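S.K.: let's see this in three dimensions:
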Amino acid sequence: MSKQASFRLVLLAFVGPVLCVVALAQDKPAKPKSLANDYLVGSWTMEGTADGKAVKGSMRVRPGAGGTCLIYEWSFGESQDDMVRGMAVGGLDPEKNQYVEYMFEADGSHLVNRFPPPENKDTGVVHGERTATINGKTSKDKITVDRKGRDQFIYSVESEQGDLTFVFRRVEQAVSPTYEHLKALQDFIGTWVAEEILAEDMPGVAAKGEKVGYRASIQWLLNKAAVQMDFTVTAPGGKTVEGRYLFTWDALKKEILCSGADSSGGRDWGTIKKVGPDKWIWENNWTLPDGKQGSGKDVTTILDKNRTHVHEYTNNVVDGKPQPDRKVVYKRVK
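M.R.: I've put the predicted structure just below:
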């Protein structure tokens, strides 16, 4: 089976404190709440006082584990030469309806925050507790989170080991000028899956008649100057092939380029363009690990309010030999 008929079908299918949902044992586990779009995701400045000293710093928050948690990384201090660095991961305890945050700092401090979620999505004050081990001493402290809006919040602690107050302000990320040419790729941002019964062998992965699965995660990069896709092909017996693609704007040719490679040793390159409100056309070339060359076309139709993508593969040629036309349907899972 050609690389176009295997791995490319995945590509052509698309192109604050930390919060992590705690899974509790139950007869039928509830689906974890996604925090991928939580207001805390992004970059923040932080300034305030710690132990009576003025400090400044920054914090970055990103989703992890498929969006079921948030991961923070921060640093702050009196100067750039004297910074406290830390990391946190935590989440929502659905049984107690509390946010639980587990924090670790480079000096060996370990801290755990617990507080209720605010009633209002964007603003409000909540009070909670912090259990801390700092310099070998433990304490149980009071914390307050005062949300002024989606772009500012105040975190303060009353502690026998020293009070602190931090004001966090969102850092707005500039959008690349390139985004204007790539913004239609928003059609593919997210996670997509599909299955296929192979009409031909997929050498080294699966045989004709076997079912393979495809999963691709697509996200913006570099202030939306590019799009990255990570994909996995899964076959019976647990065999997998992984790959990564990058989509960029060619200002000279005025077209969207895509290129990538996979763990089998093959590589792909080509172009993609939108033709109308619900169709994309891909023109692609590839080199297989054994050196054979291939090319093909995919017409992608967007259906079901962008929850379904139908890919029709035509004009596929490998080593000068025509390949059968195919159709694969992908479903959005996120």
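S.K.: in this protein, where is pLDDT below threshold?
M.R.: Within the chain, the set of residues satisfying pLDDT under 70 comprises 1-32.
S.K.: show me what contacts Gln161?
M.R.: Shown here is Gln161, whose contacts under the criterion CB atoms under 8 Å, 6 or more residues apart in numbering are Ala132, Ile134, Asn135, Lys137, Ser139, Asp141. In short, each C-beta sits where N, CA and C put it, glycine included.
S.K.: and Gly162, by the same measure?
M.R.: Taking CB under 8 Å, 6+ apart as the definition of contact, the neighbours of Gly162 are Ala50, Asp51, Gly52.
S.K.: in TSV: these, plus secondary structure and distance to Arg326.
M.R.: Compiled in TSV, the contacts of Gly162 are given as follows (DSSP: H, G, I helix; E, B strand; the rest coil; distance: CB to CB, whole Å):
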residue	secondary structure	distance to Arg326
Ala50	strand	61
Asp51	coil	65
Gly52	coil	68
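S.K.: farthest pair within the contacts of Gln161?
M.R.: Using CB to CB, the two most remote members of these are Asn135 and Asp141, lying 14.3 Å apart.
S.K.: so these two - more neighbours on which side?
M.R.: When neighbours are counted by other CB atoms under 10 Å, Asn135 and Asp141 differ, and Asp141 comes out ahead with 20 against 9.
S.K.: now do the SS call for the more buried one.
M.R.: On the three-state scheme (DSSP: H, G, I helix; E, B strand; the rest coil), Asp141 is labelled strand.
S.K.: beta partners of it?
M.R.: The residues paired with Asp141 through beta bridges, assigned by DSSP bridges, are Arg130.
S.K.: wait, it sits on Ala132?
M.R.: Yes - between Asp141 and Ala132 there is a contact at 6.0 Å, judged by CB atoms under 8 Å.
S.K.: quickly list what's touching both of these two.
M.R.: Ser159, Gln161.
S.K.: hang on, the earlier thing: now restrict the contacts of Gly162 to buried residues only.
M.R.: With burial judged by 16 or more other CB atoms under 10 Å, the buried subset of the contacts of Gly162 is Ala50.
S.K.: okay, strands next: where are they in the stretch 151-300 of the chain?
M.R.: For the stretch 151-300 of the chain, the strands identified by DSSP state E, counting those that start in this stretch occupy 152-158, 164-171, 190-197, 211-221, 226-234, 240-250, 255-262, 267-274, 279-287, 293-303, in order along the chain.
S.K.: distance to Pro177 and mean neighbour count for those strands - can I get that in a markdown table?
M.R.: Putting these into a markdown table (distance: least, CB to CB, whole Å; neighbours: other CB atoms under 10 Å) gives the following:
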| stretch | distance to Pro177 | mean neighbour count |
| --- | --- | --- |
| strand 152-158 | 28 | 17 |
| strand 164-171 | 19 | 18 |
| strand 190-197 | 24 | 17 |
| strand 211-221 | 14 | 18 |
| strand 226-234 | 13 | 20 |
| strand 240-250 | 9 | 18 |
| strand 255-262 | 15 | 18 |
| strand 267-274 | 19 | 18 |
| strand 279-287 | 23 | 18 |
| strand 293-303 | 26 | 18 |
